[in-house]
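> Got a sequence here, can you build the structure:
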Amino acid sequence: MPVPPIALVGFGMFVAAAAVGTYAFAGPRAQELTAAPMSLGSVPVTWWQAIALIVFVTAGAYVTAAFGIRMIGATVASFVNLIEVPFSVVIAWVVLAELPVYAQAVGGMLLLAGVVFIKIGESRTAAREVVVSDVPAATLPVIECVAVPEALRARSAAAEAVGA
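Numbering: from 1, shown residues only. Predicted coordinates for the structure are as follows:
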């Protein structure tokens, strides 16, 4: 029985939040809760606004990813998920001026090439052909496994008479 993607994402986020919360408050470096004011850039926000923003952004990303995977297929999605790392390197390069090392650049290019090759290969795979036999249905053996109502037998006999 397939699990709906939103339910799967919700369960995964619940398990992850429980694990992070347990580690944050009972781990080796336990954190303290505070209601002190904070700022998002230059905008002051309360603690509940910050949490609402985090939940909204995270849930939105996971939900759109779940629907996107259904659209592009599992094969391409598995490679696209690997693109996250090279893109984060590029963003760090552009935004934070952190230049990637040679190995990071080569790895990102290889992953991008893999996505392109998988997409090309997916479009080249031939669809399965359905072969219909040229043998008339009247000559095929009939195996009755279930009781067929008399009205269907009469309709079938009438169709065979017209086709003969």
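
> how about the helices of the protein, start to end?
Ranges of helices in the chain, per DSSP state H, are 5-26, 47-72, 74-82, 84-96, 102-124, 150-163.

> Highest mean neighbour count out of those?
Stretch with highest mean neighbour count among those: helix 74-82 (a mean of 15; mean count of other CB atoms under 10 Å). For every residue, glycine as well, the C-beta is placed using N, CA and C.

> what sits against residue 86?
By CB atoms under 8 Å, 6 or more residues apart in numbering, residue 86 lies in contact with 104, 107, 108, 109, 111, 112.

> at 10 Å instead, please
Going by CB atoms under 10 Å, 6 or more residues apart in numbering, residue 86 touches 100, 104, 105, 107, 108, 109, 110, 111, 112.

> Find the centremost residue of this structure, please.
Closest to where the C-alpha atoms of the chain average out (CA atoms, centre = their mean) is residue 69, at 3.0 Å.

> Give me the distance between it and residue 9.
10 Å (CB to CB, to the nearest Å).

> and if you look at residue 23?
21 Å.

> for residue 67, same thing?
Residue 67 is 10 Å from residue 9, by CB to CB.

> can you check residue 72 too?
Distance from residue 72 to residue 9, by CB to CB: 17 Å.

> Likewise for residue 119?
For residue 119, the distance to residue 9 - CB to CB - is 24 Å.

> mind listing what residue 66 touches?
Neighbouring residues of residue 66 by CB under 10 Å, 6+ apart: 4, 5, 6, 7, 8, 9, 10, 12, 77.

> Which pLDDT value belongs to it?
What the model reports as pLDDT for residue 66 is 80.
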